[in-house]
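K.L.:
build the 3D model from these lines:
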Amino acid sequence: MRCSGISDEAGDSVDVQIRAHQEIGWEYMELRLVDGENVALVPEAKFEEVYAAVTEAGMKVSCFAGTIGNWSKKISGDFQPDVDELEQAIPRMQRCGTRYMRIMTWPNDPDAPWAEDEWKRESLRRVKELAKMAEDGDIVLAIENCRGWAGLTPENALQFIDEVGSPALKWLYDTGNVVGHGQDPWDFYSKIKPQIAYVHIKDCGREGPDGPMRTVYCGEGEAMVREVIEDLLVTGYDGFVSIEPHLAAVVHTGESSDPETMYSTYVEYGRRLNEIVAAARRRVV
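P.N.:
Now for the predicted structure:
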């Protein structure tokens with residue numbers, strides 16, 4: 001098991017992101033935004049700057065957290081930008097030696113919702129096309145359990161993977177999303193476990209029995225982070241667990257704290273994950 005993190009939650013610049021991971025003691029980082037732009041979409045000159053900074057620091061990239069099918073899009077929207085993004089991302093991933101690209105499966109249209117079978121059918125059509133591109137590029141698309149059709153239930157998740165039928169498609173299990181979406185974390189995790197190739201560590205809990213759901217430090221909420229980490233180790237998981245704290249910075253809502261708080265919160269979150277993993281290793285051994 002290797003630890004990483006969605007680095008833009010530590011800070012905007014790649015230098016700050018690198019420094020945070022080095023302070024935590026990690027050699028991997030998951031790239032998403034650098035100076036407010038997604039690394040899969042930035043101009044080539046900007047990507048070269050990021051690549052140079054990462055490699056010169058002796059760091060490695062565990063995953064590209066792309067925008068394909070994510071919360072900002074909808075199933076009725078234009079698919080071509082997603083195709084273009086993957087086409088541009090693949091050679092960059094190859095350059096970085098990165099195997100995984102995070103995708104989602106398009107939320108339904110909130111203004112004019114599609115019937116579930118249409119939503120599913122179009123999601124499958126799109127991912128089949130993307131998966132073929134991923135196969136040709138020798139990378140893996142990792143679907144995150146989010147607002148897309150495939151993330152509605154664990155049964156949907158497994159059916160989706162089965163119907164696409166590509167070795168270039170796996171599952172990215174986000175520990176916190178299931179809680180935020182009102183799903184049973186252990187049920188979802190245990191059912192899709194054979195298809196999990198990458199894990200995001202997020203945790204959520206309530207302020208009192210009837211209070212609102214909020215993000216918390218890993219291991220302090222209802223996402224069963226400790227149990228999932230231990231079970232992954234027991235079953236021989238040798239992939240990545242990557243933090244996405246959503247405490248001092250929440251990219252999809254545009255919320256962020258001051259730079260110092262972002263940085264210190266991220267580093268503390270990473271250290272807590274290190275402690276959880278270390279404790280789980282002691283129990284497993």
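K.L.:
can you count the residues close to Leu158?
P.N.:
16 (other C-beta atoms under 10 Å). The C-beta positions use only the backbone N, C-alpha and C, and glycine is treated the same way.
K.L.:
and what of Val16?
P.N.:
There are 17 residues near Val16, going by other C-beta under 10 Å.
K.L.:
residues contacting it?
P.N.:
Ala10, Pro259, Tyr263 (C-beta atoms under 8 Å, 6 or more residues apart in numbering).
K.L.:
how far away is the closest residue to the second one other than its chain neighbours from Ala150?
P.N.:
What that stands for is Pro259. Spatial nearest neighbour of Pro259, chain neighbours left out: Gly11 (5.9 Å); criterion: C-beta to C-beta, 6 or more residues apart in numbering. According to C-beta to C-beta, to the nearest Å, Gly11 and Ala150 sit 32 Å apart.
K.L.:
remind me which residues of this protein are low pLDDT?
P.N.:
251-255 (pLDDT under 70).
K.L.:
need the strands for it, in chain order.
P.N.:
Per DSSP state E, the chain carries strands over the ranges 2-5, 28-31, 33-34, 37-38, 60-65, 100-103, 140-144, 169-174, 196-201, 203-206, 213-216, 240-243, 249-250, 255-256.
K.L.:
among Gly11 and Ala150, which residue is more densely surrounded?
P.N.:
More neighbours surround Ala150 than the other of Gly11 and Ala150, with 28 against 22 (other C-beta under 10 Å).
K.L.:
which residues touch the nearest residue to that one once chain neighbours are set aside?
P.N.:
Nearest non-adjacent residue to Ala150, counting by C-beta to C-beta, 6+ apart: Phe160, 3.9 Å away. Listed by C-beta under 8 Å, 6+ apart, the contact partners of Phe160 are Thr105, Lys120, Ser123, Leu124, Val127, Ile143, Trp149, Ala150.
K.L.:
how many neighbouring residues does the fifth one have?
P.N.:
The reference is to Val127. Val127: 27 surrounding residues under other C-beta under 10 Å.
K.L.:
wait, it touches Leu169, no?
P.N.:
Yes - Val127 is in contact with Leu169 according to C-beta atoms under 8 Å; the separation is 6.8 Å.
K.L.:
mutual contacts of these two, please.
P.N.:
Taking C-beta under 8 Å, 6+ apart as the criterion, Val127 and Leu169 both touch Leu141, Ile143.
K.L.:
make CSV out of the strands of the chain and add distance to Glu116 and mean neighbour count.
P.N.:
Formatted as CSV, the strands of the chain follow (distance: least, C-beta to C-beta, whole Å; neighbours: other C-beta atoms under 10 Å):
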stretch, distance to Glu116, mean neighbour count
strand 2-5, 34, 23
strand 28-31, 31, 25
strand 33-34, 32, 22
strand 37-38, 30, 18
strand 60-65, 27, 25
strand 100-103, 20, 27
strand 140-144, 18, 26
strand 169-174, 20, 25
strand 196-201, 24, 24
strand 203-206, 26, 20
strand 213-216, 25, 18
strand 240-243, 30, 26
strand 249-250, 28, 20
strand 255-256, 31, 13
